[in-house]
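S.K.: Pasted the sequence and its predicted model underneath.
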Amino acid sequence: MNFTGAHILSIQQFEPDDIEAIFTVADAMLPFARRQKATRVLDGAIMGNMFFEASTRTRVSFGSAFNLLGGNVRETTGFESSAITKGESLYDTARVLSGYSDVVCMRHPQAGSVAEFAKASRVPVINGGDGSNEHPTQALLDLYTIRKELASKGRSIDGARIAMIGDLKYGRTVHSLCKLLSLYKNCHISLVSPQELSMPGELVEMMRARGHKISISEELTSSITNVDIAYSTRIQEERFQTKAEADLYRGRFRLNQSIYTQFCEPNTVIMHPLPRDSRSEANELDIDLDQNPNLAIFRQADNGVIVRMALFAMVLDVVHLVDKYMHDVRWFPGIGR
């Protein structure tokens, strides 16, 4: 695809070559994310960060990625601080805010809302999550992480064995990740969830139609015995009618070091899109896993910055100029980036 000026709304926009192009640029962004170098390639550019749903990592990651390229960020968070509470339509909001920005990142609780916004926008729009539908940048950073973690063990995405665990009905991250994985070959995907929170049937059939082996189970331990990746998700409480309904499923699939040692292969990589629910009634990934070298959740979060930097550089057509505006870092860069 031609990335210049393009909206990034759905994983279904991408072909394998597009994904490789994004990952190649992401690799080149690593020195900037690690504060080994700095660049001002987007000096003067403005990103409108519109988050109408709660977010920490995605919102800050988008902002940090744009700042690291030298750009400026203007934010609006929640409906209460926007004109939408006064009855303004997404069309009108898009027409106005795209006049203030060079690119817009948006999260909204309604499926399809970001695509609707993009129709009226005069600048590229990047989907930061639309309801339970899709989260394309999270899926890209997840796949980038999977590729890096498997490569360190001499494996590739083709033929990967991946368990997806938890709320697969409302978890937009796993929906988008399944669509990405479908572009590869001979993956074995174990879907582990309560029946009521199972992966949408159309995604299961799509994966099978493209030659992937799909197994479905409500049992955690038997499903993680022969996998390269254990990808856990939280119960999407905000998608349920009541907290009590969400509580019926919370804590059903807990992974701790004891279970990992007993049932997982020694090199099984643990992933989670975050936030992990560490409350006692949930505790999806126990803190006793924090010292496990195969816990990749923080490397995964770090990868979100460079993948989003890559997308900004590509849609604003400055990939070839990043190094031209590079300079040394003049501040303490932190430890262990």
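M.R.: Looks like it arrived, so ask away.
S.K.: got the buried residues for the worst-scoring helix or strand of the chain on mean pLDDT?
M.R.: Lowest mean confidence among the helices and strands of the chain (mean pLDDT, DSSP states H and E): helix 243-247, at a mean of 71. For helix 243-247, burial by neighbour count (16 or more other CB atoms under 10 Å) applies to Ala246. (Each C-beta comes from the backbone N, C-alpha and C, glycine too.)
S.K.: now do stretch 291-305
M.R.: Buried positions in stretch 291-305, judged by neighbour count with 16+ other CB under 10 Å: 292, 294-297, 300-305.
S.K.: contact partners of that stretch?
M.R.: For stretch 291-305, contacts defined as CB atoms under 8 Å, 6 or more residues apart in numbering pick out 26, 29, 33, 57-58, 61, 64-65, 68, 137-138, 141-142, 144-145, 148-149, 257, 260, 267-274, 276, 285, 289, 337.
S.K.: 6 Å - rerun?
M.R.: 33, 57, 61, 64-65, 141, 144-145, 149, 269-272, 274, 289 (CB atoms under 6 Å, 6 or more residues apart in numbering).
S.K.: Output that stretch as PDB - backbone C-alpha positions only.
M.R.: In PDB, the C-alpha atoms belonging to stretch 291-305 read as follows (Å, rounded to 0.1, in the frame of the first residue of the first chain):
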ATOM      1  CA  GLN A 291      11.600 -12.100  37.100                       C
ATOM      2  CA  ASN A 292      10.900 -14.700  34.500                       C
ATOM      3  CA  PRO A 293      13.100 -13.800  31.400                       C
ATOM      4  CA  ASN A 294      10.300 -15.000  29.100                       C
ATOM      5  CA  LEU A 295       7.900 -12.500  30.400                       C
ATOM      6  CA  ALA A 296       7.800 -10.100  27.400                       C
ATOM      7  CA  ILE A 297       5.000  -7.700  28.500                       C
ATOM      8  CA  PHE A 298       7.300  -4.700  29.100                       C
ATOM      9  CA  ARG A 299       9.400  -5.400  26.000                       C
ATOM     10  CA  GLN A 300       6.000  -5.500  24.200                       C
ATOM     11  CA  ALA A 301       5.000  -2.100  25.600                       C
ATOM     12  CA  ASP A 302       8.400  -0.600  24.600                       C
ATOM     13  CA  ASN A 303       7.900  -2.000  21.000                       C
ATOM     14  CA  GLY A 304       4.700   0.000  20.800                       C
ATOM     15  CA  VAL A 305       6.600   3.300  20.600                       C
END
